[in-house]
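Undergrad: Using only what follows, build the 3D model:
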Amino acid sequence: MIKVNLIIFSFLSIINVLSAQIEAHDILKPVKAQLEAYNNGDIDNFLSQYSDSVKVLRYPDQLQYIGLEKMRIQYEGFFKENPNLHCKLLNRIVQGNTVIDHEEVSISKDRNPFYAIAIYKVKYGLIEEVRFLY
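TA: Numbering: from 1, shown residues only. Here you go, the predicted model:
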């Protein structure tokens with residue numbers, strides 16, 4: 001009986017570890033995809049990773065805007081005006097449905113990069129909130 005309980009406990013532990021890895025992958029999927037689209041200047045794919053009612057805030061709680069249409073207005077021209085735009089991921093932390101990225105953003109070759117922290121909240125496979133700390 002002890003061996004059976006040990007086998008069951010081991011099996012459940014493995015399932016819990018795999019479940020956590022699958023969940024982290026699902027949380028990271030839109031964050032990774034939006035970063036790739038950002039670096040490619042692909043506004044449509046970039047926006048497709050966000051919920052229709054996305055909230056964008058300046059850390060800690062200063063609301064910048066709500067919604068994809070306002071996000072499109074913010075980013076579409078920025079992508080077009082800055083073809084050398086590139087965001088390099090320096091560090092990433094995942095906790096529950098939150099992803100925290102430390103980023104180095106280069107706008108052009110003749111300007112120094114700037115550093116930011118982006119805090120993404122993911123729900124139902126989309127980013128529903130992002131807070132930026134500059």
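Undergrad: Could you pull up the mean pLDDT of the helix or strand K32 falls within?
TA: Element membership of K32 [criterion: DSSP states H and E] is helix 2-40. Throughout helix 2-40, pLDDT has a mean value of 70.
Undergrad: now do stretch 120-134
TA: Taken as a whole, stretch 120-134 has a mean pLDDT of 97.
Undergrad: again with stretch 103-114
TA: Across stretch 103-114, pLDDT averages out at 94.
Undergrad: How about stretch 58-77?
TA: For stretch 58-77, the mean pLDDT works out to 97.
Undergrad: residues in contact with it?
TA: Among residues not part of stretch 58-77, those counted as contacts by CB atoms under 8 Å, 6 or more residues apart in numbering are 43, 46-47, 50-57, 117, 119, 131-134. No exception for glycine: its C-beta is placed from N, CA and C like everyone else's.
Undergrad: which ones among those are found in helices?
TA: 43, 46-47 (DSSP state H).
Undergrad: How about the residue nearest in space to the middle of the chain: what's its closest non-neighbour residue?
TA: Compute the mean C-alpha point of the chain, and by CA atoms, centre = their mean the closest residue is V31, 2.8 Å away. In space, V31 comes closest to V99 once its chain neighbours are excluded; the distance is 4.7 Å by CB to CB, 6 or more residues apart in numbering.
Undergrad: surely that neighbour meets L89?
TA: No: distance between V99 and L89: 10.5 Å, which falls outside the contact criterion (CB atoms under 8 Å).
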